[in-house]
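Novice: here is a sequence with its predicted model. Questions after.
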Amino acid sequence: MAMDFLSSLADAVEVELEESSDSECNDPVSWGYFIHGSLVPAALIILILSHMQRRLKPYRAEDCCHRYYALIYPLNLIDDCDHRLPYSLAFGATASLILDLFFGTYSEYYTASVDQEWLKILIGGFATIEIGLACYPYFACISTPSRLTGSSLGFMYVSFWFTIQLTLNILCPDRPGTYFRYQSLVAQFPVLICMFLLAMYFLFTFIDTIKERHHTDIKPTLEEKMMKTHHAIYVQELLKKPVTKVYTGWEAKVYARYAPKDGFKYPTRICATFVVAVICMYQLSLPMIAGGRVGLQTLFYLILQGAPIYFKENNFTEATVNETLKIIGQTQTAADTSLVIGSCIAIALQLLYVGHIFVCYRKHVLRLYQGDRLFLPKDAITSQDAIVGNLKYCGYQIAYFLSGYIIITYVLFALVLIFSTLIIMPLINNAGFFFYVIANFLVPAAIIGAIVFSSQNILAKFYFLQPKLNEGDKDKPMALQHRQWYHNFSYLLVFLNTLLGLISALVRIIRGTLLGIFLLSRIDRPVLMRGYEIKDNAYKVYVGNLNMINQHSHPVLIVFCQLLINEYILPGRTKRYTSHRPGEGYGAMDESPSHDRTVQGRRKKAAIFHWQIAYTLLNNPSIIGTRKRSRALSFTDTHRRIDDLANPNKYNQILMPHAQQLMIRTQARKGDIVEPQGVTLDDMVMTDSAAPIVHQPTTPNSTELDSFTSPLTEAQLPTPDKTLDEATSDKTELIEEDGNSDSDDKSSTPLQAVV
């Protein structure tokens, strides 16, 4: 009877395995041909988009292709925050191709079988370039400034890919390597959704561009578009008085973990990265669960086929055979259930990681914006490491995310299976014996172990530490009492702690292994101990990416640069262009005299600018070391230079004005006021450089600005009572008195040499 049941069970498993391998389609050669053929329209789209843009400067000759065919780029992964949705959809549309590169199945696109390892590596590199070029129009049509052309070409190209992929998945529901019908269609479902939404984005962009085409006269330039709205909001919040918001109810619980921050937007890089990672995890979970269940069925099928021979050789009785078959059936059910439970827990854990990575990313970026670098490793990250980290971040995060998901799934599968076979199955089959073992062996051992491990903590808290000084203190003072007993216990516990240390070492190994496995997907957390974080390549990439983002997308820096552009660069440029003639292109500025500044105005503005710098240096000598000329010197050399210039008896040199001011303030505190020595601007030039500069003044023209070549009198020297505006206005009046200068001599005056 048992043998009949065993044979019927094996036949059922064999039939199920045969059904899972029937009705397969042909090899996916057509998909490889499609990828090869898509390079032709992709290249045409790239050439058209390149033709629509003009080069700012010709490469070789002025009329080289009339400055057509500029170098275009697919997307900005440094500081772009404006096109997060379309770029994320475009990356989602390429998720299946990225997964093929991850597992190396790209060889199917070129040949049926590849045996040489070096050839596989070569094909992998070539496939990476080919897939990148095939998907290039997705992103280039979004980033191109020619919205009408880009949206139309993007809509046609994405629709072409969407139609081909949907047709192949419907016509071929059972591809090789699939475990259930229409598995490929189910796996490609998120990719097809991203393609459809991306096509709709291009369609709506095309319609909006046609509507707005006749209403837009002037487009903002790149300089005018440097500062975004969230940058301005961030700086405005810094200038406002901080207001503490009080939340109640569920908002208090939510905002305690993730409080809103005005002026912060997640960049395209991190959003697109985790869109690809989540889609790839979804596509990967289907073959892992289905394939894992088929593999377990195959394993138990082989066990059931070999079981009759084993039973006959060991002369098992009918009752023993039935009990063994029951245990085998329960183990198969437990393994199948453990695989599903482990996969579901791993997916939920990875999704929680995604949310937590976003929270930590925002926290780290905001701390860098505030100048807080204490959370970073002490080892310095060079500029090269920062650029490499920025380049590697997306690929590393996706690879570690998928690798972590695979490892966590099988680790959880093993843990759940062990829990099922050691606790659940004994509890079902023989509950009395199970509770007997727990009551007589496990419970006493657990109680004794807990007492031994916690005895030292209990003694330290309630016997050896003195009581709190105040009731409101959080902790007791680190003051000992009962010192004689403490010395006896510290001696006796040396022998006990040797055994406990061995157990703790094993626990440390297990804990470190589990944390390393479960935190493999978190490259924002180092898996190595403090002091060795920089040896973790993934964490080094994350830190380098943070430094790169901080340098190129700091809101304060961007707003400051935008203010400088609006104040000094844009007013000097013309806003109108000449008629568009072949060979000239846009950018030929109107050279009408109304847009030219007069020579007198330029000289006056330069004089005021240099005088303001000189005045600032006189009253703030500590910032001399930050000047471009002084940055070439070391910190020690800079201060030695200032001390040497301030000591006239050492080198018998005339004091610089800022050194005179320092000595005046120093002597005033001591009650001994000294009069400053006379100084000319020529002397300043000789003493304000790393090496003495011999200034040879040229023969002054009659129209030269003599107010800045004449010595400064004592009345003209700035005093602490005179403000910067007053000093500037005084100097401006001197300039206006001699405002008839028409010379445009560009030779450096002594004051210009200083500043």
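Specialist: All right, it came through fine.

Novice: now the helices for the stretch 351-500 of the chain?
Specialist: For the stretch 351-500 of the chain, the helices defined by DSSP state H, counting those that start in this stretch occupy 383-419, 425-429, 431-437, 443-459, 483-518.

Novice: what about the shortest one, average pLDDT?
Specialist: Averaged across helix 425-429, pLDDT comes to 82.

Novice: for that helix, output the C-alpha coordinates as CSV.
Specialist: C-alpha atoms of helix 425-429 as CSV (Å, rounded to 0.1, in the frame of the first residue of the first chain):
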residue,chain,number,x,y,z
MET,A,425,6.7,19.9,12.3
PRO,A,426,7.6,18.4,15.8
LEU,A,427,4.9,20.4,17.3
ILE,A,428,2.4,18.9,14.8
ASN,A,429,3.6,15.3,14.9
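
Novice: quick one: list the elements packing against it.
Specialist: helix 318-369, helix 431-437 (3 or more Cβ pairs under 8 Å, 6 or more residues apart in numbering; DSSP states H and E). C-beta: built from backbone N, CA, C; applies to glycine.

Novice: sorry, back to before: which of the helices of the stretch 351-500 of the chain is buried the deepest?
Specialist: helix 383-419 (a mean of 18; mean count of other Cβ atoms under 10 Å).

Novice: other SSEs contacting that one?
Specialist: Helix 383-419 packs on helix 95-103, helix 268-313, helix 318-369, helix 483-518, helix 537-552, going by 3+ Cβ pairs under 8 Å, 6+ apart.

Novice: select, out of those helices, the one closest to residue 232.
Specialist: Ranking those by distance to residue 232, with Cβ to Cβ as the measure, places helix 318-369 first at 14.4 Å.

Novice: rounded mean pLDDT for the closest one, please.
Specialist: 90.

Novice: got it, and stretch 388-402?
Specialist: So the average pLDDT for stretch 388-402 ends up being 91.

Novice: now stretch 200-210
Specialist: For stretch 200-210, the per-residue pLDDT averages 91.

Novice: hang on, the earlier thing: a markdown table for the helices and strands packed on helix 425-429, including distance to residue 238?
Specialist: Shown next, in a markdown table, are these (distance: least, Cβ to Cβ, whole Å):
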| stretch | distance to residue 238 |
| --- | --- |
| helix 318-369 | 9 |
| helix 431-437 | 64 |
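
Novice: quick one, which of these is packed in tightest?
Specialist: Among the helices and strands packed on helix 425-429, highest average neighbours (mean count of other Cβ under 10 Å) belong to helix 318-369, with a mean of 16.

Novice: other SSEs contacting that one?
Specialist: Going by 3+ Cβ pairs under 8 Å, 6+ apart, helix 318-369 lies up against helix 2-20, helix 268-313, helix 383-419, helix 425-429, helix 537-552.

Novice: again, only using 7 Å
Specialist: Using 3 or more Cβ pairs under 7 Å, 6 or more residues apart in numbering; DSSP states H and E, the elements in contact with helix 318-369 are helix 2-20, helix 268-313, helix 383-419, helix 537-552.

Novice: okay if I get those helices as CSV plus distance to residue 257?
Specialist: Conversion of these to CSV gives the following (distance: least, Cβ to Cβ, whole Å):
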stretch, distance to residue 257
helix 2-20, 45
helix 268-313, 19
helix 383-419, 22
helix 537-552, 21
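
Novice: who wins for proximity to residue 76 among the helices and strands packed on helix 425-429?
Specialist: With Cβ to Cβ as the yardstick, what comes closest out of those is helix 318-369 (17.0 Å).

Novice: and the angle from the closest one to helix 483-518?
Specialist: 100 degrees (axes from the mean of the first three to the mean of the last three Cα atoms, to 10 degrees).

Novice: taking helix 537-552 as reference, get the angle to helix 318-369.
Specialist: Going by the same axes, to 10 degrees, helix 318-369 makes 30 degrees with helix 537-552.

Novice: circling back to that earlier point, for the helices of the stretch 351-500 of the chain, give me TSV that also has distance to residue 160.
Specialist: Shown next, in TSV, are the helices of the stretch 351-500 of the chain (distance: least, Cβ to Cβ, whole Å):
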stretch	distance to residue 160
helix 383-419	26
helix 425-429	55
helix 431-437	63
helix 443-459	66
helix 483-518	42
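
Novice: do you know which of those helices lies nearest residue 287?
Specialist: That would be, of the helices of the stretch 351-500 of the chain and by Cβ to Cβ, helix 383-419, which comes in at 11.1 Å.

Novice: related to what we said a few turns ago, closest one to residue 476 among the helices of the stretch 351-500 of the chain?
Specialist: So among the helices of the stretch 351-500 of the chain, helix 443-459 is nearest, using Cβ to Cβ, at 13.0 Å.

Novice: looking only at pLDDT, what's the mean for that closest one?
Specialist: Mean predicted lDDT for helix 443-459 stands at 82.

Novice: for residue 71, which residues are in contact?
Specialist: Residues counted as contacts of residue 71 (Cβ atoms under 7 Å, 6 or more residues apart in numbering): none.

Novice: er, residue 155 I mean
Specialist: Taking Cβ under 7 Å, 6+ apart as the definition, contacts of residue 155 comprise 199, 202-203, 206.

Novice: pLDDT score assigned to it?
Specialist: 93.

Novice: low pLDDT regions in the stretch 1-150 of the chain?
Specialist: Filtered on pLDDT under 70, the stretch 1-150 of the chain yields the residue ranges 1-29, 55-68, 104-116.

Novice: got it, and the stretch 601-750 of the chain?
Specialist: In the stretch 601-750 of the chain (pLDDT under 70), the answer is 622, 625-626, 628-750.

Novice: cool, thanks, talk later.
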